[in-house]
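Trainee: Test case, fold it:
(one chain, ligands or ions: 1)
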Amino acid sequence: MTQLSPNFHLSEFVQSQTATRRRIANQPGPKELDALRLLCVKVLEPVRQHFGRPVVISSGYRSPALNRAIGGARNSQHTTGEAADFEIPGASNVEVARWMWAKLNYDQLILEFYTPGQPNSGWVHVSYCQPYRNQELTARRVRKWGRLVTEYVPGIVA
Ligand SMILES: [Zn+2]
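Mentor: Numbering: from 1, shown residues only. Okay, here's the model as predicted:
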């Protein structure tokens with residue numbers, strides 16, 4: 001039982017259906033725990049505070065084995081405890097991302113696969129480390145040469 005910050009518990013950051021189903025170990029070490037705590041204190045707690053609703057983490061820490069299993073980017077900040085994907089039920093993902101852009105510092109903020117007009121579509125990815133870059137991106141699927149590919153554009157665009 002590890003509390004990371006007043007409103008966030010480690011269990012929220014390590015639960016993964018893939019890890020459970022495939023019995024993949026997903027426990028962070030001390031360094032990753034410190035990174036998760038910093039992410040909570042610097043980013044997720046202020047978001048929780050401002051929106052006044054629970055922040056639901058869909059993917060937090062990923063052990064290298066879990067990250068491979070789900071096809072995550074090789075150097076994903078999820079494997080260092082620096083990143084989390086989340087949503088706030090009842091708040092639009094684009095609104096959440098725009099507020100964070102205006103008010104917070106982070107390493108990378110990505111509005112992922114949001115469809116304008118569908119507040120619950122997609123999710124927000126955010127990472128924190130020091131020094132941080134304050135980089136914002138929007139990820140979307142676009143059709144190129146007949147295939148759906150992921151494209152990243154600067155800013156929070158929707
Ligand atoms: Zn992510």
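Trainee: Provide a list of residues in contact with Tyr114.
Mentor: The contact partners of Tyr114, by C-beta atoms under 8 Å, 6 or more residues apart in numbering, come to Asn93, Val94, Ala97, Ser121, Gly122, Thr138, Arg140, Ala158. Heads up, the C-betas are built off the backbone N, CA and C, glycines and all.
Trainee: State the helix or strand in which the closest residue to the ion within the chain lies.
Mentor: Per C-beta to the ion, His125 is where the chain lies closest to the ion, at 3.5 Å. Assigning secondary structure by DSSP states H and E places His125 in strand 123-127.
Trainee: Neighbouring strands - and their directions - for the next helix or strand along the chain from that strand?
Mentor: The helix or strand immediately downstream of strand 123-127 is strand 135-144, counting by DSSP H and E. Strands that pair with strand 135-144, judged by DSSP bridges, come out as strand 108-112 (parallel), strand 147-154 (antiparallel).
Trainee: Just name the most buried of those.
Mentor: strand 108-112 (a mean of 22; mean count of other C-beta atoms under 10 Å).
Trainee: near the ion, which residues of the chain?
Mentor: Asp85, His125 (C-beta under 5 Å from the ion).
Trainee: can you map out the helices along the chain?
Mentor: 10-14, 17-21, 30-39, 45-51, 64-69, 93-103 (DSSP state H).
Trainee: and among these, the most buried is which?
Mentor: helix 10-14 (a mean of 20).
Trainee: Centre of the chain to that helix, how far?
Mentor: Distance of helix 10-14 from the chain centroid (C-alpha atoms, centre = their mean, to the nearest Å) equals 13 Å.
Trainee: same deal with stretch 61-71?
Mentor: 14 Å.
Trainee: Report the backbone C-alpha coordinates of that stretch in CSV.
Mentor: What follows is stretch 61-71, C-alpha atoms only, in CSV (Å, rounded to 0.1, in the frame of the first residue of the first chain):
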residue,chain,number,x,y,z
TYR,A,61,3.9,2.9,-14.8
ARG,A,62,4.9,0.2,-17.3
SER,A,63,7.7,-2.2,-16.6
PRO,A,64,9.9,-2.7,-19.8
ALA,A,65,8.2,-6.1,-20.3
LEU,A,66,4.7,-4.7,-20.0
ASN,A,67,5.7,-1.8,-22.3
ARG,A,68,6.9,-4.3,-24.9
ALA,A,69,3.8,-6.4,-24.5
ILE,A,70,1.5,-3.5,-25.3
GLY,A,71,3.6,-2.1,-28.1
